[in-house]
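**Student:** Need coordinates for the below:
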Amino acid sequence: MTARAPGAVTLDVAILGRDYKVACRDDEREALTEAVTFLDQRMREIRDSGRVAGGERIAVMAALNLASELLRERRSANSAVRAAPGLAAAGGAIDEDAARRRIRAMQEAIDQALAGQEKLF
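**Tutor:** Numbers count the residues shown, from 1 in each chain. The predicted structure follows:
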């Protein structure tokens with residue numbers, strides 16, 4: 001018998017009609033349940049399409065589809081970071097100095113635009 005970490009729970013889940021016991025922290029229970037539901041739905045869609053047979057093949061196809069989506073999202077996020085240089089440093093963290101510089105530059109541009117407006121009144 002293996003020891004569980006403090007705060008860990010074991011959930012009984014079903015994926016594509018098969019039961020599994022999965023350990024997680026108590027505060028991860030909801031996220032795990034959501035993931036199980038999502039995966040089960042994806043695997044059922046693949047099975048019901050009739051193009052793939054066998055639980056193992058269905059699981060591999062679901063994993064490949066999900067991995068492809070994840071990588072596409074990561075590429076999209078990385079493209080967005082490159083489109084706004086200086087706002088995000090390596091690892092996706094915000095570069096505070098660059099953000100402050102951009103905010104100051106925007107404030108100066110706003111002040112200049114408003115200065116011209118004051119003369120109208």
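
**Student:** So A23 belongs to a strand, correct?
**Tutor:** Yes: looking at A23 with DSSP: H, G, I helix; E, B strand; the rest coil, it is inside a strand.

**Student:** That one pairs with what?
**Tutor:** T10 (DSSP bridges).

**Student:** My guess is it contacts A8. True?
**Tutor:** Yes: in this structure, A23 is within contact of A8 by Cβ atoms under 8 Å, at 5.5 Å. C-betas here are computed from N, CA, C, even on glycine.

**Student:** just for the protein, where's the confidence low?
**Tutor:** 1-6, 81, 83-93, 111-121 (pLDDT under 70).

**Student:** could you point out the longest helix in it?
**Tutor:** Ranked by number of residues, the top helix in the chain under DSSP state H is helix 55-83.

**Student:** Quickly note the distance from R47 to R104.
**Tutor:** Distance from R47 to R104, counting by Cβ to Cβ, to the nearest Å: 56 Å.

**Student:** actually G17, not the one I typed
**Tutor:** 59 Å.

**Student:** ok, R47 and R104, which is more surrounded?
**Tutor:** R47 (19 against 10; other Cβ atoms under 10 Å).

**Student:** Contact partners for the residue lying closest to the more buried one once chain neighbours are set aside?
**Tutor:** Excluding its sequence neighbours, the residue lying closest to R47 (Cβ to Cβ, 6 or more residues apart in numbering) is I58, at 5.3 Å. For I58, the contact set (Cβ atoms under 8 Å, 6 or more residues apart in numbering) comprises 16, 43, 46-47, 52.

**Student:** So which of those is surrounded by the most neighbours?
**Tutor:** M43 (21 neighbours).

**Student:** Could you confirm it falls within a helix?
**Tutor:** Yes: counting by three-state DSSP, M43 is found in a helix.

**Student:** is it true that it touches G17?
**Tutor:** No: the criterion here is Cβ under 8 Å, and M43 misses it with G17 at 9.6 Å.

**Student:** residues in contact with the residue nearest to N65 when sequence neighbours are not counted?
**Tutor:** Counting by Cβ to Cβ, 6+ apart, N65 lies nearest to R42, which is 6.8 Å off, once chain neighbours are set aside. Listed by Cβ under 8 Å, 6+ apart, the contact partners of R42 are 62, 65-66.

**Student:** Fine by me, thanks again.
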